[in-house]
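> Build me a structure from this.
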Amino acid sequence: MNVHIGPLTREHAGEVMTIQRAAYLAEARRYGAWDLPPLVETLDEIRRHLGDGTPAFGAFVGARLVGSVRSRVDGERMEVARLAVAPDVQGGGVGRRLLEAISAAPADVKVVWLFTGAESDENIRFYESAGFVRVSEHLDAVGIRCVTLEQKVI
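All right, here's what the predicted structure looks like:
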């Protein structure tokens, strides 16, 4: 599979929403939480986020978007947000390539961080294999126990 990683724009919002919803269904099933933020985020919210100037990347096979990742920058910290890969291409390295692209943070960023469900063992192993380290646990907005992981920017 020939995958190209490139920037996302507001024009990709519909495709991003489709990939995001398909990818996060497994998490919703795992936690019995159908109101996870990636599943209820609106098209307008995604458009706004893609237009705000923070790093966002897509994985493309030809013209098809097969994965996406966005970020939120707050001073010296950047959150990796909404990493999503189409279910039919998961396990093929797309997520790793998106994570590498987004982790090449803007110059002022010193720490890249993210969170995932504490029972999402595959996700945690994936992030730890990419160099992220667990730093804390918390309950998210819908009451799911989550693990926060960080990576220092070199």
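> Would you tell me which strand is longest in this protein?
The residue-count maximum for a strand in the chain (DSSP state E) belongs to strand 64-74.
> What strands line up against it, and which way round?
In the sheet containing strand 64-74, its partner strands are strand 56-61 (antiparallel), strand 77-85 (antiparallel), by DSSP bridges.
> and that strand, how far out from the chain's middle?
With C-alpha atoms, centre = their mean, to the nearest Å as the basis, strand 64-74 stands 6 Å off its chain's centre.
> in that strand, what counts as buried?
Leu65, Val66, Gly67, Ser68, Val69, Arg70, Ser71, Val73 (16 or more other C-beta atoms under 10 Å). To be clear about C-beta, it is placed using only N, CA and C from the backbone, and glycine gets the same treatment.
> what does stretch 8-16 give?
For stretch 8-16, the neighbour count (16+ other C-beta under 10 Å) marks Leu8, His12, Ala13, Glu15, Val16 as buried.
> In space, what's closest to the first one - neighbours in sequence excluded?
Beyond its immediate neighbours in the sequence, the residue positioned closest to Leu8 (C-beta to C-beta, 6 or more residues apart in numbering) is Ala56, lying 4.2 Å away.
> hmm, back to that, now do the longest strand of the chain: everything it contacts.
Residues from elsewhere that reach strand 64-74 (C-beta atoms under 8 Å, 6 or more residues apart in numbering): 3, 8, 12, 15-16, 19-20, 49-50, 54-60, 78-86, 89, 94-95, 98-99, 101-102, 105-106, 108-109.
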